[in-house]
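Student: quick one: sequence plus predicted model below, questions after.
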Amino acid sequence: MRRSIDELRTFYGEPTGALVRRLLARRLDDAWGEAPDCDVLGVGYATPWLDAFVGARRVVAAMPSGQGVEHWPSVGRNRTLLVDDRRLPLAAGSFDRILLVHALEEADDPAALLLEAVRALAPTGRIILAAAARGGLWARAENTPFGHGRPFTRGQLERLVREAGLEPAAWSQTLYVPPWTPLLPLADGFEQVGRRIAPNTAGVILLEASRQAYARIRPSGLAQRVPARPALTPQPVASTSSPTPRPHP
């Protein structure tokens, strides 16, 4: 069962949720910035981060029926939809950027949800999956949205996107600070140290994928798929081209 919209709204209105919002926003800014001239779709509960895409042509939030829907943004015309996450009421190829947050972990069928998101993705579009990390402490914290449903490893997310016809391009992690209130003020320090000495303790994995690829002809005459290089993080995905390094803030 998905966390309700009221539970999610309450969490992100509290100091712990505000911290999560800030740390995840850094990684998204590394990847997409303000998403200039893009049509952006958020799936799951992505509204805490969608306001940052101020350069986008259009931003829409699709919220699963098991979760519930809220009016967003707080001022102006509503841009949220209540959806069946296995049948998104969206035209094929209509979004340049798709962000999934609090979407996969509690989905009845994560593969079907991702296939629907890919259907809505433009041919040169990019998608980011943000999911609770299986090895992190946040996946065990039931007082947060990350402690419910199925957490993922990096390998599991890579397989999921490949089965949906995408190629992993870049990945990142965040939320290294343990989910204990006395330690939360030290979150920035945990981010710096965790990336270097304890990468498996991150609470959230972000995987960026794309179907933007061209065929490189090998000397044997066989075609090899080569992905484009969106830059989410300096860390490459196994078996794909390494993304261009970008410094962390």
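Tutor: Cool, the structure landed.
Student: number of nearby residues for H148?
Tutor: 18 (other C-beta atoms under 10 Å). Where you see a C-beta, it was placed from the backbone N, CA and C, and this is true even at glycine.
Student: let me see the contact set for it.
Tutor: R3, E105, E106, E142 (C-beta atoms under 8 Å, 6 or more residues apart in numbering).
Student: where are the low-confidence patches of the chain?
Tutor: 212-249 (pLDDT under 70).
Student: which residues in it form strands?
Tutor: 39-44, 58-64, 80-83, 95-101, 121-132, 167-174, 204-210, 213-217, 223-227 (DSSP state E).
Student: L183: which of those is closest?
Tutor: Distance to L183, taken as C-beta to C-beta, is lowest for strand 167-174 among the strands of the chain, at 15.2 Å.
Student: what lines up beside that closest one in the sheet?
Tutor: strand 204-210 (antiparallel) (DSSP bridges).
Student: quick check: angle from the partner strand to strand 121-132?
Tutor: With axes from the mean of the first three to the mean of the last three C-alpha atoms, to 10 degrees as the basis, strand 204-210 and strand 121-132 are set at 170 degrees to each other.
Student: buried residues in the longest helix seen in the chain?
Tutor: Ordering each helix of the chain by length in residues (DSSP state H) puts helix 15-32 first. Under the neighbour-count criterion of 16 or more other C-beta atoms under 10 Å, helix 15-32 has T16, G17, L19, V20, L23, L24, R27, L28, D30, A31, W32 buried.
Student: of these, which is the nearest to P123?
Tutor: Closest to P123, out of all of the buried residues of helix 15-32 and judged by C-beta to C-beta, is W32, at 17.6 Å.
Student: residues in contact with that closest one?
Tutor: C38, F53, R97, R126, I128.
Student: try it again at 6 Å.
Tutor: Contact partners of W32, counting by C-beta atoms under 6 Å, 6 or more residues apart in numbering, are R97.
Student: number of nearby residues for the nearest residue to L82 once chain neighbours are set aside?
Tutor: Spatial nearest neighbour of L82, excluding adjacent residues (C-beta to C-beta, 6 or more residues apart in numbering): V69 at 4.1 Å. For V69, the neighbour count with other C-beta under 10 Å is 17.
Student: going forward, begin numbering at 43 instead of 1
Tutor: Got it, first residue is 43 now, which makes that one V111.
Student: what separation do you get for V111 and L248?
Tutor: 24 Å (C-beta to C-beta, to the nearest Å).
Student: going through the contacts of H190, which ones are buried?
Tutor: The buried subset of the contacts of H190 (16+ other C-beta under 10 Å) comprises R45, E147, E148.
Student: just send these back as JSON lines, with distance to W91 too.
Tutor: Shown next, in JSON lines, are the buried ones among the contacts of H190 (distance: C-beta to C-beta, whole Å):
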{"residue": "R45", "distance to W91": "17"}
{"residue": "E147", "distance to W91": "16"}
{"residue": "E148", "distance to W91": "18"}
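Student: so which of these would you say is closest to T122?
Tutor: R45 (16.4 Å).
Student: confirm for me that that closest one is in contact with P187.
Tutor: Yes: using C-beta atoms under 6 Å, R45 is in contact with P187, at 5.2 Å.
Student: thinking again about what came up before, will you turn the contacts of H190 into JSON lines that also has distance to T52?
Tutor: Below are the contacts of H190 laid out as JSON lines (distance: C-beta to C-beta, whole Å):
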{"residue": "R45", "distance to T52": "10"}
{"residue": "E147", "distance to T52": "18"}
{"residue": "E148", "distance to T52": "17"}
{"residue": "E184", "distance to T52": "14"}
